[in-house]
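Novice: Task: produce atomic coordinates for the following.
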Amino acid sequence: MLNNKQKNLLKGRSNILKPMYQIGKKELSNAALQMLDKALIAHELIKIQVLKAVEAPLMEIALDLASNLHADVIQVIGRVIVLYRPNPIKPKIELD
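Specialist: I've put the predicted structure just below:
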């Protein structure tokens with residue numbers, strides 16, 4: 001669980017990121033979850049764009065993603081979700 005100081009640090013780092021992943025009509029398919037899992041291993045902090053075709057509430061999608069990927073929701077802005085999960089082997093982001 002992240003504290004507010006750590007979340008603010010990650011929010012600042014996420015400002016320069018562009019959404020590299022998209023969730024569409026099929027929403028949380030196994031293929032999408034596997035892709036996002038690999039992305040979290042590689043990058044730790046990722047932005048996901050939710051397409052307008054998705055009708056489910058964004059916070060619900062963000063919480064589902066976080067629970068399935070064992071990640072933390074950093075923020076949800078507009079149709080963009082920011083997730084963070086530290087790499088247990090080679091952490092890239094220091095949160096001290």
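Novice: Can you give me the buried ones in the helix ranked longest in the chain?
Specialist: Within the chain, and with DSSP state H defining each element, the longest helix by residue count is helix 30-43. By 16 or more other Cβ atoms under 10 Å, the buried positions in helix 30-43 come out as 32, 36, 39, 40, 43. Backbone N, C-alpha and C define where each C-beta goes, glycine included.
Novice: Format those residues as TSV; extra columns: distance to residue 89 and pLDDT.
Specialist: Converted to TSV, those look like this (distance: Cβ to Cβ, whole Å; pLDDT from 0 to 100):
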residue	distance to residue 89	pLDDT
32	23	90
36	18	96
39	16	96
40	13	96
43	14	95
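Novice: Please identify which of the residues you listed is nearest to residue 54.
Specialist: residue 32 (11.6 Å; Cβ to Cβ).
Novice: So the nearest residue to the closest one once chain neighbours are set aside versus residue 95, what's the distance?
Specialist: For residue 32, ignoring the flanking residues on the chain, the nearest one in space by Cβ to Cβ, 6 or more residues apart in numbering is residue 23 at 6.5 Å. Distance, residue 23 to residue 95, using Cβ to Cβ, to the nearest Å: 26 Å.
Novice: So which of these two has more stuff around it?
Specialist: residue 23 (23 against 13; other Cβ atoms under 10 Å).
Novice: and the more buried one, what does it touch?
Specialist: 32, 48, 49, 50, 51, 54, 61, 65 (Cβ atoms under 8 Å, 6 or more residues apart in numbering).
Novice: hang on, the second one in a strand?
Specialist: Yes: Residue 48 sits within a strand when classified using DSSP: H, G, I helix; E, B strand; the rest coil.
Novice: so who does it touch?
Specialist: Neighbour list for residue 48: 19, 21, 22, 23, 36, 65, 80, 81, 82, 83 [criterion: Cβ under 8 Å, 6+ apart].
Novice: which helices and strands sit right next to the longest helix of the chain?
Specialist: Helix 30-43 sits against strand 21-23, strand 45-50, helix 58-69, strand 80-84, with contacts defined as 3 or more Cβ pairs under 8 Å, 6 or more residues apart in numbering; DSSP states H and E.
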